[in-house]
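Chemist: next input, structure requested:
(2 chains)
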Protein chains: 2
Amino acid sequence: MPTINDIADKLGISKGTVSKALNGANDVSETLRKKVLETAVEIGYARNRARKHTANRLCVIVENIHHEDPGDFGYAIVMGFKKLAIPAGWEVDVVSVTEELQKSISYDAFMLSREYKGAFIIGMSLLDPWMEELKTARTPAVLYDNYIPENPRVCYIGVDNSEAFLITIRHLTKLGHTQIGYLGGDMDSFVSRRRHDAFLDAMDVHGLTVDKKRIGCSYFITELTQKYLPRLLSSHVTAIVCGTDLLAQAVIVGCMDMGYRVPEDVSIVGFDDAPFAAYTSPALTTIRQNQEALGNCGFYALNSLINQTYIGTLLLRAELIDRASTGKVRRKKKLAPPRKLPS
Amino acid sequence: MPTINDIADKLGISKGTVSKALNGANDVSETLRKKVLETAVEIGYARNRARKHTANRLCVIVENIHHEDPGDFGYAIVMGFKKLAIPAGWEVDVVSVTEELQKSISYDAFMLSREYKGAFIIGMSLLDPWMEELKTARTPAVLYDNYIPENPRVCYIGVDNSEAFLITIRHLTKLGHTQIGYLGGDMDSFVSRRRHDAFLDAMDVHGLTVDKKRIGCSYFITELTQKYLPRLLSSHVTAIVCGTDLLAQAVIVGCMDMGYRVPEDVSIVGFDDAPFAAYTSPALTTIRQNQEALGNCGFYALNSLINQTYIGTLLLRAELIDRASTGKVRRKKKLAPPRKLPS
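Modeler: I've put the predicted structure just below:
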C-alpha cells in the first residue's frame, strides 16, 4: 500500500510537505498541491483512515440540473440519497463542479483532496471533462443516466427505458394507434440515445413500422416543435411519444397552435412525471421516474461499490401514469384541417 | 387495510378459526388452512407486525443448484446474502421448494404462511410453476438470472452478459481470432437465451459475421459435444465461446479427443469461473461471476423492494479471467487433421 513517503520520494520533496499539501495547508502553493494530489492518485495512495473528528464523507455532484427547491427535478433525488446515507453514518456534501474546476483537477485528485469516499453524479453531460476520466477513475462513482463501460468503480443507475417504451407503445396500441412518432433529445446524450433506441425496439416488438419522417431528435425544443413537429403531423401520426415532459408540454401547445386537438386528433406521451406534468392542459400521460427512489438507489449502489461489490447497472421499474393527453384513435374520421381564422 | 375479520366474513367462518389457520394450529384442516391463506393473499391481507419473539424473516429459495458445500456454485451466493442480511437483523431460512410444493400452494400464500417478508430465488427454471405466479406476485422476490417483466415486486440480478461477451470477443479478436463459434444452453432458459443473444451482439459490434453452422444450443452437454462440436470444428472455427464452465471443460476434452490442441488449434472460453475452472487442463479462460457479490446484491435488491424502491434489474460487472485455454490464432498453419491411431 503506497504511503506518503512514496509520494515524497517520487517528487523529491519532504514527507512534511506532502502531508501539508494533502491537508490543504496555506503555505503550500496550489501548483505543488496539485502535483502532490495527482501523484498520490497515480501511485494509488489512499488515506489510511479518516482523520480524527472527520466523518466518512460522500458527495453528490450536481451539474445542469436544478435541485434547490422542492419543485426542481433534482431535489427529491438528492433528498432520497441523503435520507439513506446520513442515518448510515455518512456526511454528505452537495457540490457543483464547473467545467473550469474539472479542467483544473482530475476527478480522483478532487475526491482525494476533499476526502470523499465516493460520488453520486447527477446531470453530467457527455461533454463534461470528467466523463472521459471516469473511464479509468479509481474513486467509486454512481452516475444517474450515464453509462461508463467496463470500469468496475463506476455504476449507472436510471429508469429502465426499454420497459418504459414497451409499456408506452402497448398503451398506445391498445388505444388503436399504429402511426406513432417520436421526438426527443439529440444523440450526444447517453439517455436521449437510449430512449430513441428503446422507442424503435418497442415499435418493433409490437410489429409496427417506423417511418423516418416520424422521428425527430434535437437538443433544441424550438427546433423540435417548429421543424420536426409539423413534419410528423403532416405524415399522419396519431400519437407522439416525447423524450421528456418539458418537450411534451411544448408539443401539446404546438399541436394546438396548428389546430390539432389533444388527444382527439393526436395523443401525446411524456417522460419523467415532472411536478408540472399533472397540471398541463390536458394533463400529461407520462412515464414516472420516481426521483426519491433514484436517490435511494444512488446510495445503495455507491455503498456497494465502496464495499467492493461492483454493480455496473441498476434500473428502476418504469411506471406509466395514464392522464388525459392520450385517447382512442379516431380511425374513420379525417384529422381536422389546420385552423384558420374566419376572414 | 384488510383484517382477519375480512377473511372471516368472506369465508363465513369465525375470526378465531382464521387466526388459528394463519398461525398453523393443528385443529384446522390443511384444506381450510389453504383456503384461508389464498383468501388472505387475494384480499391483500398482511400481518400487522411480526409476532412477539419472531424476528423479521427472509428466505433463500434454492432449486436445481447445489449450495451445501464450499465447492458448490450456490454456496458463496447464499453466504453473500446471509452476510449482509443477518447483521441487518433478518432471520434467513434456506428452503427448497419442490414442484409438488409449488403446485400445492401459491408463492404468495407460501410466503404468508411462513411469515417471510421476501425471497431470494436461485436456480428456478422457466418450467417451475411459481415462475408464472411471479408475474403477479405481491411478496417481494429477487431472482438470480431470471427476469419477470413489469412486476415491480420482482427484481432480476445477475452478471452483465452483454458486457461479458463484448470483453470475451475483444479478447479473442486481439489474439487474432475472427472465426468464432458458440455453444450454450437451450433457449427455454432465460439466461441461456441472453448469453446466446449477447454473443451475436458482441460479434456484430466487432464487425464479425456469424455463421449459423458455428452455433449450437442444447440442454444436453453430450448433444453439444457429440453433435455440434464436430460441426463447429469442421467449419474451421479457431475459437469457441461456451455458455458455462462445465460445458467448456467438456468441450476441451472433446477437442482433444478429436486431435485438436487447446489453445494451439482452438481457443476455448468458459463462463462462471466455477471453483474447478483454474484446474482444468489447460486452465480455463472464463468470465467470472462473483458469487459472494451476487449474494450481496440479492440482499441489496430485496431490501430495497421491501422498502418500496422498485429496482427491476441489477447487473454486476463482468470480469475476464485470462488463463491458458485461449491463445494467439495460428493464421498460416492448417489445423491438424483428426488424429488416427497408427494402423
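Chemist: for the stretch 151-300 of chain A, just list every one of the strands.
Modeler: Applying DSSP state E, counting those that start in this stretch to the stretch 151-300 of chain A gives strands spanning A:154-159, A:180-184, A:215-217, A:239-242, A:267-272, A:285-288.
Chemist: will you turn those strands into JSON lines that also has distance to residue A:306 and mean neighbour count?
Modeler: C-beta: built from backbone N, CA, C; applies to glycine. Converted to JSON lines, these look like this (distance: least, C-beta to C-beta, whole Å; neighbours: other C-beta atoms under 10 Å in any protein chain shown):
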{"stretch": "strand A:154-159", "distance to residue A:306": "11", "mean neighbour count": "25"}
{"stretch": "strand A:180-184", "distance to residue A:306": "34", "mean neighbour count": "26"}
{"stretch": "strand A:215-217", "distance to residue A:306": "37", "mean neighbour count": "19"}
{"stretch": "strand A:239-242", "distance to residue A:306": "37", "mean neighbour count": "28"}
{"stretch": "strand A:267-272", "distance to residue A:306": "29", "mean neighbour count": "27"}
{"stretch": "strand A:285-288", "distance to residue A:306": "29", "mean neighbour count": "24"}
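Chemist: residue B:256 is nearest to which of those strands?
Modeler: Of all the strands of the stretch 151-300 of chain A, strand A:154-159 sits nearest to residue B:256, with 40.8 Å by C-beta to C-beta.
Chemist: now the residue lying closest to residue A:273 once chain neighbours are set aside: how far from chain B?
Modeler: Leaving out its chain neighbours, the residue that sits closest to residue A:273 by C-beta to C-beta, 6 or more residues apart in numbering or on different chains is residue A:288, at 3.9 Å. To chain B, residue A:288 is 11 Å away according to C-beta to the nearest C-beta, to the nearest Å.
Chemist: give me the beta-bridge partners of residue A:288?
Modeler: Legend: beta-bridge partners of residue A:288 under DSSP bridges are residue A:272, residue A:319.
Chemist: if I pick it, what's in contact with it?
Modeler: Residues near residue A:288 by C-beta atoms under 8 Å, 6 or more residues apart in numbering or on different chains: A:272, A:273, A:318, A:319, A:320, A:321.
Chemist: can you flag the buried ones in the residues you listed?
Modeler: Among the contacts of residue A:288, those buried by neighbour count (16 or more other C-beta atoms under 10 Å in any protein chain shown) are A:272, A:273, A:318, A:319, A:320.
Chemist: quick check, pLDDT for the nearest residue to the third one once chain neighbours are set aside.
Modeler: Pointing back at residue A:318 there. In this structure, residue A:318 finds its nearest non-sequential neighbour in residue A:164, 3.5 Å apart by C-beta to C-beta, 6+ apart. Residue A:164 carries a pLDDT value of 98.
Chemist: isn't residue A:164 up against residue A:316?
Modeler: No: counting by C-beta atoms under 8 Å, residue A:164 sits too far from residue A:316 to count as a contact (9.9 Å).
Chemist: now residue A:117: how far from chain B?
Modeler: Residue A:117 sits at a distance of 18 Å from chain B (criterion: C-beta to the nearest C-beta).
Chemist: show me which residues of the stretch 151-300 of chain A sit near chain B.
Modeler: A:152, A:160, A:163, A:166, A:167, A:290, A:293, A:296, A:297, A:300 (C-beta under 8 Å from any C-beta of the partner chain).
Chemist: in a strand, that's where residue A:2 is, yeah?
Modeler: No: read with DSSP: H, G, I helix; E, B strand; the rest coil, residue A:2 is coil and lies in no strand.
Chemist: please look at it and residue A:47 and confirm they touch.
Modeler: No: if you go by C-beta under 8 Å, residue A:2 and residue A:47 don't touch, sitting 11.2 Å apart.
Chemist: need the contact list for the nearest residue to residue A:249 once chain neighbours are set aside.
Modeler: Once flanking residues are discounted, residue A:249 sits nearest to residue A:280: 5.0 Å by C-beta to C-beta, 6+ apart. By C-beta under 8 Å, 6+ apart, residue A:280 lies in contact with A:248, A:249, A:252, A:325.
Chemist: next: residue A:196.
Modeler: Residue A:196 neighbours (C-beta under 8 Å, 6+ apart): A:182, A:184, A:187, A:215, A:217, A:243.
Chemist: quick check, the first one in contact with residue A:241.
Modeler: When you say that, I think you mean residue A:182. Yes: counting by C-beta under 8 Å, residue A:241 is a contact partner of residue A:182 at 5.1 Å.
Chemist: any shared contact partners between these two?
Modeler: Common contacts of residue A:182 and residue A:241, defined by C-beta under 8 Å, 6+ apart, comprise residue A:199.
Chemist: before we move on, back to that, who wins for most neighbours among the residues of the stretch 151-300 of chain A next to chain B?
Modeler: Neighbour counts for these (other C-beta atoms under 10 Å in any protein chain shown) peak at residue A:297, which has 33 neighbours.
Chemist: where does chain A dip in pLDDT?
Modeler: In the predicted model of chain A, residues A:48-55, A:331-343 satisfy pLDDT under 70.
Chemist: one more pass at 80, please.
Modeler: Scanning chain A for pLDDT under 80 picks out A:1, A:24-26, A:46-55, A:71, A:331-343.
Chemist: measure the spatially most central residue of it to chain B for me?
Modeler: Closest to where the C-alpha atoms of chain A average out (C-alpha atoms, centre = their mean) is residue A:145, at 3.6 Å. Distance of residue A:145 to chain B, given as C-beta to the nearest C-beta: 15 Å.
Chemist: wait, that residue sits on residue A:191?
Modeler: Yes: contact criterion C-beta under 8 Å: residue A:145 and residue A:191 qualify, at 4.2 Å.
Chemist: would you agree residue A:57 is in contact with residue A:116?
Modeler: Yes: judged on C-beta under 8 Å, residue A:57 makes contact with residue A:116 at a distance of 5.2 Å.
Chemist: so for these two, which sits in the more crowded spot?
Modeler: Per other C-beta under 10 Å, whichever of residue A:57 and residue A:116 has more neighbours is residue A:116, with 21 against 16.
Chemist: that older thread, quick check: neighbours shared by residue A:145 and residue A:191?
Modeler: Counting by C-beta under 8 Å, 6+ apart, the residues touching both residue A:145 and residue A:191 are residue A:158.
Chemist: in TSV: the contacts of residue A:280, plus neighbour count and distance to residue A:206.
Modeler: Converted to TSV, the contacts of residue A:280 look like this (neighbours: other C-beta atoms under 10 Å in any protein chain shown; distance: C-beta to C-beta, whole Å):
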residue	neighbour count	distance to residue A:206
A:248	27	21
A:249	22	26
A:252	24	24
A:325	28	20
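Chemist: in CSV, list those along with distance to residue B:7.
Modeler: CSV is the format used below for those (distance: C-beta to C-beta, whole Å):
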residue, distance to residue B:7
A:248, 44
A:249, 47
A:252, 47
A:325, 41
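Chemist: which of these fall in helices?
Modeler: Using DSSP state H, A:248, A:249, A:252 are the members of those that sit in helices.
Chemist: list the contacts for the first one?
Modeler: Residues near residue A:248 by C-beta under 8 Å, 6+ apart: A:242, A:268, A:269, A:270, A:271, A:277, A:280, A:284, A:286, A:325.
Chemist: quick check, nearest of those to residue B:205?
Modeler: Of those, the one sitting nearest to residue B:205 (C-beta to C-beta) turns out to be residue A:271, at 27.2 Å.
Chemist: what is the neighbour count of residue A:227?
Modeler: The number of residues packed near residue A:227 is 12, by other C-beta under 10 Å.
Chemist: so who does it touch?
Modeler: Going by C-beta under 8 Å, 6+ apart, residue A:227 touches A:216, A:218.
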